[in-house]
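S.K.: coords below, sequence missing:
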């Protein structure tokens, strides 16, 4: 059978197929996705749980002949299939894999082969009139697989011609002394799944449902059939049934799950074991990190090292240390993040920069004996240089032992609507608008509440759309195609070919066929080399600063700088890592951060959990001394004092369970995880009984134990990993420092590292101008490829920021620029490979303005006699400022001269609209009106559960954060989501952190008033 | 497709029918297949039989398994 991992050729997931097989009483099931084992781990797991014998296999295409189904008879031959697939996938064009005869001959001897369904090698030859080739092909197959391992397949699909075909196949079997077997060639679990499968086929072949093609299936018979039906359908060929039962008996499930393939670190000194070497490195690091305090942490280090060794991860830590060491030696900026920062060992190895000992972080949140999971060490690297690190790992540990992890791009609501809608022949413009207007809720919910969703109810013919959405709903979550987990590298002790096939990714790197969840099931370890564009921005800023201030050291900035905290307090943090979103800036204006811990807490507070759980306001009140800080038990004070008695971090839940109820830290983490993930009422009750019993046994009063349990139940699922918050806080604070003290260099970094952060470039440019930085437009002779600094306090936009120009052409324009500069677009066309449309865009964006302001003449020179209608003016006409800004947006997407509202300020003044900067000065409670560009409307989860819309408005003076109530959303939602006009006029009541919107309308400039 | 006036079926398989007032005994089933048609227009799935009558003539019969309606799909002269 095929699962959804045959990408658009299977409509059910492996667990769905297994569940249906169990319902039908099927005892043995083979998964044979096309050139793919991606579904195997979840298939094996589901089959084990349901008591079904799972057979591993794959369907392959043999040269230009047809398909062959290959099955693995047992554990020892699993590697033959993976190697066969790897060799085929790596040597074929990416989207058209094929097995060569030589590959079959090399790896096929131990495998079982079936001749396939109508697309199979034997039926294809017969149906396409190439019957004379059959004896030779059969002879080759017999030579490879042998008569005991080669079977001729009778597929019960009720297709025209089956009787004759089956008769022929039986004759071949008899003449070749082979056996026939019965299959159902399932591509979906249940008959009723056919509609979805047929739509998926249309998506795969790029056709509309009304169109026909040989790829479309004639009937709905490729589902899992009960064995009784198979027997009935093949009652004229009982030998097929008998042979199939014998084969099912013979095949065994390969034992491939949970077999560790952890990497080995190759450079352990001869006289040392790996654990001793790791301990040695940690001690060296401890001396540097802790100096005289190093003896104090020995117990903690021993504790961590013992767990690391017991769980078999010593070499893994050495590998990660090696990778971090390489990055440091190359000057590649990096930082460990996530729960690895709970480890003092990782801190001493300079993998992370959070002092887990000082912060009293619990190692067991990262790894414990009780949690039989592989640890995740995530490291962020400068996005521009992450590939250097990956190359180092491949080179050092062996290309056959290192590969990137796959990701499965699954259908989401928008992609499902677009693709299903296209197959159902909906016009693309309608689909585009609908996809953009879909709110963040399930499709079922949308269909049920259609009339309450303003951006949906605007569409006529809702019944037709609902029908389409019903199909889209069914495809959501199914894998669409394979992608590359950009940062995830697996390292294996031996060749990966024993574990997973490898294939080429779209990016041209080798990937394995398992995603991050499944690699753990098959015993592989992953190294997360993530890329962080903020580090790229920081690096650019720091390098620029080094040219003027040799003493500046980003990495040793003090953790307290009053002006930096004041900037955060004012909510002026646009551009700061993790603290720039409207919610974070609003929190800062209420929290008034003035110390390091405020930043750590802020990162944990603005999450869906704390917001829904109403944690934010009590935290702020306690932090500001407006509410007393109390503890349910004195033992909680050391654990919760840093968060004012509020349970904010996951580590605190673990510590509480340990301190009060005597759980080991590992047990306590297991408790936290159950609270977080398995929140059934019964499970919670059981946990509560256990917690209370243990706590009371340790002398805690029963009602206190109960109250504490309720507190941690309330917060466990909301809690954030403190180590991760502390790791991110480092970068958040430092980037805030750069923004405060070195804005030009930092904006230079941010712009050149785009896309990154919450806001688009246009917002960054407005912020930069507000900080007194002059933004100079693209210039054919002054611009470089990237944004550059110019004196006295300016940034020049780089040529690559022109849409559709590309870095390569931008580079050529700079590198081949004549000494005296470019003089005319035609001169460029003569010297470099550039399209006429690209040259026209350069003129339109004003890149030649420093040579001539007559853009029309240049355009005429390029287009010849205005054939394309590119200009309507006569020679000598100079484009108005309004026209220039409009073309900036068309060609770059942002206002390089000024923000797009600036040219209309006169009209806006006349109409009584305030600039956004002035709106901010209107007293709280009063009503104001303004106009701006709509930015990032979204409907996040709220404490009340009501649908509230948040969006930003931008004009040349700044950003305004706006909130639209549920009632307002009903009235104006259609102006914010979907295909919307981007300039809005709003009025509303001023609030401390923005505007409570009362009315919205589109605002259209009137020509002649600017 | 024209409806078949009368048909005799055993375990969902036809063995005789009346066509244009003639009784036809099925001596051989030559082929059998199923077709979903234009399912997106709510067309029903149909089952088809290519059969040989007692006079060696060949017919194709169609059946809606949900409603048990039968039609003559094709007659081979």
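M.R.: Here it is on my side, so go on. Model, not experiment: these values are computed from the prediction.
S.K.: what about the helices in the stretch 901-1010 of chain A?
M.R.: In the stretch 901-1010 of chain A, helices defined by DSSP state H, counting those that start in this stretch lie at A:905-910, A:916-919, A:966-972, listed in chain order.
S.K.: Can you lay out the ones you listed as TSV showing mean neighbour count?
M.R.: Any C-beta I mention is one placed from the backbone N, CA and C, and that applies to glycine too. Formatted as TSV, the helices of the stretch 901-1010 of chain A follow (neighbours: other C-beta atoms under 10 Å in any protein chain shown):
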stretch	mean neighbour count
helix A:905-910	15
helix A:916-919	18
helix A:966-972	17
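S.K.: who wins for proximity to chain B among the ones you listed?
M.R.: Judged by C-beta to the nearest C-beta, the one of the helices of the stretch 901-1010 of chain A that comes nearest to chain B is helix A:966-972, at 34.0 Å.
S.K.: Identify all contacting residues around the closest one.
M.R.: For helix A:966-972, the external contacting residues (C-beta atoms under 8 Å, 6 or more residues apart in numbering or on different chains) are A:452, A:454, A:939, A:946-949, A:964, A:997-1000.
S.K.: mind listing the strands for the stretch 851-1000 of chain A?
M.R.: Secondary structure of the stretch 851-1000 of chain A by DSSP state E, counting those that start in this stretch: the strands cover A:927-938, A:949-955, A:958-964, A:983-991, A:994-1002.
S.K.: again but with chain B, I slipped
M.R.: According to DSSP state E, chain B carries its strands in the segments B:2-3, B:6-10, B:13-19, B:22-35, B:46-53, B:58-64, B:69-76.
S.K.: one step back: so which of the strands of the stretch 851-1000 of chain A gets nearest residue A:70?
M.R.: Residue A:70 sits nearest to strand A:927-938 of all the strands of the stretch 851-1000 of chain A, at 48.0 Å, using C-beta to C-beta.
S.K.: what's near enough to touch the residue in the stretch 251-400 of chain A that chain B sits nearest to?
M.R.: At 29.7 Å from chain B, residue A:251 is the closest residue in the stretch 251-400 of chain A, using C-beta to the nearest C-beta. For residue A:251, the contacting residues are A:28, A:30, A:53, A:55, A:71-74, A:112, by C-beta under 8 Å, 6+ apart.
S.K.: circling back: so which of the strands of chain B comes closest to residue A:412?
M.R.: For the strands of chain B, the distance to residue A:412 is smallest for strand B:22-35, at 33.7 Å, taking C-beta to C-beta.
S.K.: Now the closest one: buried residues?
M.R.: Along strand B:22-35, these residues count as buried under the neighbour rule (16 or more other C-beta atoms under 10 Å in any protein chain shown): B:24, B:26, B:31-35.
S.K.: Including pLDDT and distance to residue A:796, could the residues you listed go into CSV?
M.R.: Below are those laid out as CSV (pLDDT from 0 to 100; distance: C-beta to C-beta, whole Å):
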residue, pLDDT, distance to residue A:796
B:24, 96, 89
B:26, 97, 87
B:31, 95, 76
B:32, 96, 76
B:33, 97, 71
B:34, 97, 69
B:35, 97, 67
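S.K.: of all the residues you listed, which comes closest to residue A:708?
M.R.: Distances from residue A:708 to those, taken by C-beta to C-beta, are shortest for residue B:34, at 63.9 Å.
S.K.: so the closest one sits right up against residue A:219, yeah?
M.R.: Yes. Residue B:34 lies in contact with residue A:219 (C-beta atoms under 8 Å); the separation is 4.3 Å.
S.K.: Mind listing the shared neighbours of those two?
M.R.: Shared contacts of residue B:34 and residue A:219 (C-beta under 8 Å, 6+ apart): A:158, B:45.
S.K.: Starting from residue A:65, give me the distance back to residue A:387.
M.R.: 40 Å (C-beta to C-beta, to the nearest Å).
S.K.: residue with max distance from the center of the chain?
M.R.: Just going to use chain A. Here chain A reaches farthest from its C-alpha mean at residue A:175, the gap being 54.5 Å by C-alpha atoms, centre = their mean.
S.K.: other chain: chain B
M.R.: Using C-alpha atoms, centre = their mean, the residue of chain B lying farthest from its centre is residue B:40. It sits 23.5 Å away.
S.K.: Let me see the confidence value for the closest residue to that residue other than its chain neighbours.
M.R.: Spatial nearest neighbour of residue B:40, chain neighbours left out: residue A:209 (5.3 Å); criterion: C-beta to C-beta, 6 or more residues apart in numbering or on different chains. Here the pLDDT value assigned to residue A:209 is 95.
S.K.: number of nearby residues for residue A:209?
M.R.: Applying other C-beta atoms under 10 Å in any protein chain shown, we find 19 residues neighbouring residue A:209.
S.K.: ok, back up a step: Serialize the strands of the stretch 851-1000 of chain A to TSV and add fields for mean neighbour count and mean pLDDT.
M.R.: TSV is the format used below for those (neighbours: other C-beta atoms under 10 Å in any protein chain shown; pLDDT from 0 to 100):
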stretch	mean neighbour count	mean pLDDT
strand A:927-938	20	96
strand A:949-955	23	95
strand A:958-964	23	95
strand A:983-991	19	96
strand A:994-1002	18	95
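S.K.: Much appreciated, bye for now.
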